[in-house]
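In: Pasted the sequence and its predicted model underneath.
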Amino acid sequence: MNLKMLIISTASAVALLAASTASTQVQTLPYHGQVSTELNTGLMGDELDQPLASALEKRVISKSFNKKIEQELGVSGLKVLRRAYAQRVFKPVWTYAGALSLLEATKRLDEHGLVTSDDDISRMEKLINKRFDASRSAKSRAKSDTKLSAAFLRNAKILAGGLSDEGGADTPDLDGPMRSNLTDALLKAGQGLAVFELESLTPQTSQYGALQQALEQYRGLQAAGGWLAIPNGDVVEVGESDPRIPAIRTRLEVEGFYTPVFSFFETPEPDVFTPELETALKIFQTRHGLEDDGIIGNNTLFAMNESVESKIDKIADSMHRWRVQGDMGRRHIWANIPSYTAIGVNNGAYEIETKTIVGKPRFATQTFSDQVEYMVANPKWFLPVSITRRQKVPKLRRDPGYAQKYGYNIYDRETGAAIEAANVDWSEPGVARKYRFVQEAGPGNALGKLKIIFPNQYSIYLHGTPSMKLFDKAQRAFSSGCVRLEDPIAMAEWIAKGDSNLTAAGILEASESGENTRMELDEHIPVHITYFLVTANEDGSVNFLRDIYERDDGIETVEKMAKLYKPKPAAPQDELTPVR
């Protein structure tokens with residue numbers, strides 16, 4: 001090997017490594033081995049294809065190439081690619097086995113709800129042929145090698161939900177290490193491990209895995225023809241007959257909610273709504289965010305008539321949301337708005353779950369992630385101006401005694417002086433901004449016995465409520481934006497399990513004391529408020545929830561209707577011969 005060329009390549013590689021790694025430390029999972037950045041010139045010799053290495057060096061350090069990669073993959077992607085080639089002293093990243101594994105990984109993107117066309121596969125096959133066609137110029141093969149690297153990083157960016165500034169798979173700032181050093185992953189992929197490396201970037205959660213299985217299941221249903229729509233009609237209750245019952249039975253059976261029951265005893269007519277079918281219907285209703293009343297009505301029929309293609313799209317959308325969401329942390333609170341639940345999760349196990357009430361569509365609860373910093377027992381409620389203007393002022397116009405009746409104290413915002421509601425003209429424009437409303441702690445306080453605070457720009461937090469009957473409903477979008485908990489004390493006690501400052505007994509004592517008590521947390525636990533329309537249960541079954549804020553593209557329904565049941569006409573009876 002030409003010693004001068006070796007010195008130049010080595011110098012370029014060292015320079016690239018220094019530029020790429022300056023002030024950057026990247027964490028990796030234990031199963032990712034580190035690729036050494038030390039240059040072992042004793043192993044280069046004949047192993048290094050000098051013309052190809054020179055072409056790669058020229059391409060990787062060229063300004064035009066760097067600009068193009070940065071535009072497509074951002075600074076993160078550029079850092080990864082430059083590091084990879086620098087670590088190999090511009091030897092090609094891709095072996096033939098590696099390129100074939102990348103092709104296979106690209107074909108498998110559909111397993112993650114991503115669309116890959118035949119044209120995409122064909123282009124990659126042509127790219128691989130160009131890379132390993134020895135008759136092509138070094139420049140052409142170098143270009144193909146870097147294109148394969150860019151293709152890997154594009155897939156990584158999609159599956160990881162983005163790339164971090166450090167050149168690793170993107171993760172929330174809240175908790176947990178970076179899932180992978182992508183430079184390491186790229187180099188391993190080039191040696192034949194592209195499928196494994198890309199799969200390792202996807203969310204390693206039970207939810208994501210269950211959604212993958214559901215995607216496969218519903219694609220199977222799609223291939224089998226899906227199901228037929230059920231015509232509208234009168235409400236049907238158990239025991240009643242309706243010509244749509246056989247079609248409803250088939251519809252629930254296709255999706256796995258109903259299993260035919262065979263009996264040697266007398267069976268009812270096919271159009272009778274049996275108790276067995278009612279049981280299956282209630283499971284369907286629960287798994288679709290509906291009241292499980294076991295009655296066939298318009299809302300249930302609308303959910304039944306959603307097409308299998310629409311459900312596949314929703315599963316794929318939820319998988320995308322999980323990839324963007326990233327790692328929620330070892331111990332966290334997950335409040336999914338359409339599920340109307342808040343769950344305490346520890347190492348993937350659901351340790352506590354409580355029902356929630358979320359914002360009305362016009363006061364939609366925001367989605368975001370933050371950290372719980374403190375809790376307040378027997379909280380006072382300091383009403384936002386928007387709620388004062390929207391809800392309280394109209395009531396005070398009708399009844400000035402409303403404030404005293406419901407425990408609201410009113411204060412002048414400028415002076416802080418207490419104000420009697422009867423002395424205020426509540427019809428005055430802008431009156432809501434002049435006065436602060438504070439509801440004292442007590443049985444009627446809108447925040448209940450406890451609130452869980454994670455300071456944020458939306459002024460959203462978790463809290464209790466005196467309106468417990470609302471939790472009996474299946475769809476619970478009744479608040480002004482905050483998330484109400486059915487059992488805030490239990491959630492607070494769960495939070496305290498991992499904290500050195502608090503105990504479950506201390507929280508219960510504070511809440512029962514009646515005194516307004518602030519409780520600081522030593523461990524700031526992550527809380528994630530999300531909007532997944534498809535979620536998985538612990539048994540792997542999935543829920544298709546109602547889009548209460550209409551953030552999705554809507555439900556696509558089946559067009560072809562099922563035929564109605566028509567009983568066979570009774571066989572004519574022979575005329576009776578009179579007895580003489």
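Out: Received the coordinates, thanks.
In: If we go by neighbour counts, what in the longest helix that the chain contains is buried?
Out: Under DSSP state H, the helix in the chain containing the largest number of residues is helix 63-87. Buried residues in helix 63-87, defined by neighbour count with 16 or more other C-beta atoms under 10 Å: 65, 69, 73-74, 76-87. C-beta coordinates here come from the backbone N, C-alpha and C atoms, glycine included.
In: same deal with stretch 319-332?
Out: Neighbour-count burial for stretch 319-332, counted by 16+ other C-beta under 10 Å, picks out 319, 321, 322, 323, 325, 326, 327, 328, 329, 331, 332.
In: And it, how far out from the chain middle?
Out: In this view, stretch 319-332 has its centroid 7 Å away from the chain centroid, taken as C-alpha atoms, centre = their mean, to the nearest Å.
In: cool, and stretch 467-476?
Out: Worked out by C-alpha atoms, centre = their mean, stretch 467-476 lies 24 Å from the chain centre.
In: measure that stretch end to end?
Out: The first residue of stretch 467-476 is 12 Å away from its last residue (C-alpha to C-alpha, to the nearest Å).
In: Over to stretch 395-406?
Out: Terminal residues of stretch 395-406 lie 11 Å apart, using C-alpha to C-alpha.
In: doesn't residue 153 fall inside a strand?
Out: No. According to DSSP: H, G, I helix; E, B strand; the rest coil, residue 153 belongs to no strand; its state is helix.
In: wait, it sits on residue 186?
Out: Yes. Counting by C-beta atoms under 8 Å, residue 186 is a contact partner of residue 153 at 7.0 Å.
In: list residues touching both of the two?
Out: Residues within reach of residue 153 and of residue 186 at once, by C-beta atoms under 8 Å, 6 or more residues apart in numbering, are 80, 81.
In: where does the stretch 151-300 of the chain have low pLDDT?
Out: Where the stretch 151-300 of the chain drops to pLDDT under 70, the residues are 164-180, 263-266.
In: that older thread, does the longest helix of the chain pack against any helices or strands, and if so which?
Out: When contacts are defined as 3 or more C-beta pairs under 8 Å, 6 or more residues apart in numbering; DSSP states H and E, helix 63-87 packs onto helix 3-21, helix 50-60, helix 138-160, helix 182-188.
In: and with 6 Å instead?
Out: If you count contacts as 3 or more C-beta pairs under 6 Å, 6 or more residues apart in numbering; DSSP states H and E, helix 63-87 packs onto helix 3-21, helix 138-160, helix 182-188.
In: List the buried residues in stretch 51-58.
Out: Neighbour counts over stretch 51-58 (16+ other C-beta under 10 Å) mark 52, 53, 54, 55, 56, 57 as buried.
In: from those, which is closest to residue 511?
Out: Nearest to residue 511 among those, counting by C-beta to C-beta, is residue 56 at 65.9 Å.
In: sec struct for the residue lying closest to residue 308 once chain neighbours are set aside, please.
Out: Closest residue in space to residue 308, ignoring its immediate chain neighbours: residue 226 at 4.0 Å, by C-beta to C-beta, 6 or more residues apart in numbering. Following three-state DSSP, residue 226 is assigned to coil.
In: Residue 226: how many residues sit nearby?
Out: Neighbour count for residue 226, taken as other C-beta atoms under 10 Å: 17.
In: measure it to residue 557 for me?
Out: 11 Å (C-beta to C-beta, to the nearest Å).
In: One more: residue 532?
Out: Distance from residue 532 to residue 557, counting by C-beta to C-beta: 22 Å.
In: Can you mark which positions in stretch 472-480 are buried?
Out: Residues 476, 477, 479, 480 are the ones in stretch 472-480 that count as buried (16+ other C-beta under 10 Å).
In: typed the wrong thing, it's stretch 558-571
Out: Of the residues in stretch 558-571, 558, 562, 565 count as buried by neighbour count, 16+ other C-beta under 10 Å.
In: pLDDT of it, averaged?
Out: The average pLDDT for stretch 558-571 rounds to 83.
In: Same check on stretch 76-94?
Out: Average pLDDT, stretch 76-94: 94.
In: how about the CA coordinates for that stretch, as CSV?
Out: Backbone C-alpha positions of stretch 76-94 (Å, rounded to 0.1, in the frame of the first residue of the first chain) are rendered in CSV as follows:
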residue,chain,number,x,y,z
SER,A,76,-27.3,13.8,13.5
GLY,A,77,-27.4,11.6,10.4
LEU,A,78,-24.3,13.4,8.9
LYS,A,79,-22.4,12.8,12.2
VAL,A,80,-23.2,9.1,12.2
LEU,A,81,-22.2,8.6,8.5
ARG,A,82,-18.9,10.5,8.9
ARG,A,83,-18.0,8.6,12.0
ALA,A,84,-18.7,5.3,10.4
TYR,A,85,-16.4,5.9,7.5
ALA,A,86,-13.7,7.5,9.6
GLN,A,87,-13.6,4.6,12.0
ARG,A,88,-13.0,2.3,9.0
VAL,A,89,-10.4,4.6,7.5
PHE,A,90,-12.7,4.9,4.5
LYS,A,91,-12.9,1.2,3.9
PRO,A,92,-16.5,0.4,2.6
VAL,A,93,-19.1,0.0,5.3
TRP,A,94,-21.2,-2.5,3.3
